[in-house]
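A.B. asks: Sequence and predicted model, in that order:
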Amino acid sequence: MTRVRFLKADGSLDKEVEADAGQRLLDVAWTAREPLEGACEGVMACSTCHVIVDAADFAKLPPASDEEEDLLDLAAHAVRTSRLACQILLTDELSSLTVRIPPGATNWMGR
């Protein structure tokens, strides 16, 4: 079980949820009604599920693939600890994960 903390763009806490190992962060965000679109349904063909991972948690994640890095180059407000939520798989070893939703993130899909 991973405790996922979603922060608003200003850094304040939006919500905290529990998620099972094996879940994609994008699916957890959709269930929590976070404003991440994931227009490509999580197949890594867009950057609309871009999140900013807390620096301490970023080091706990496997490195991004070259394809993910290429898409992050297109993401608005990307920083060094940016990742695509569709590419973060929660594990038993990851007891907590804090991510900030970038400014201007909107779920136009209405999930």
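C.D. replies: Yep, it's here.
A.B. asks: Now do Val79, the pLDDT please.
C.D. replies: Val79 carries a pLDDT value of 95.
A.B. asks: who are the neighbours in contact with it?
C.D. replies: By CB atoms under 8 Å, 6 or more residues apart in numbering, the contact set of Val79 is Ile52. Heads up, the C-betas are built off the backbone N, CA and C, glycines and all.
A.B. asks: For it, pull up the helix or strand it's in.
C.D. replies: For Val79, there is no helix or strand it lies in under DSSP states H and E.
A.B. asks: Quickly note the distance from the nearest residue to His50 once chain neighbours are set aside to Asp20.
C.D. replies: Excluding the flanking residues, the one nearest His50 by CB to CB, 6 or more residues apart in numbering is Ala75, at 4.0 Å. Going from Ala75 to Asp20 by CB to CB, to the nearest Å gives 27 Å.
A.B. asks: For the protein, just list every one of the strands.
C.D. replies: 2-7, 13-19, 50-53, 82-84, 96-100 (DSSP state E).
A.B. asks: Now render these as TSV, adding distance to Val43.
C.D. replies: Output for these, formatted as TSV (distance: least, CB to CB, whole Å):
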stretch	distance to Val43
strand 2-7	22
strand 13-19	20
strand 50-53	15
strand 82-84	11
strand 96-100	20
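A.B. asks: closest to Ala64 out of those?
C.D. replies: Across the strands of the chain, Ala64 has its closest neighbour in strand 82-84 (6.1 Å, CB to CB).
A.B. asks: List of residues touching that closest one?
C.D. replies: 26, 44, 47, 49-53, 58, 61, 64, 68, 71-72, 75, 102.
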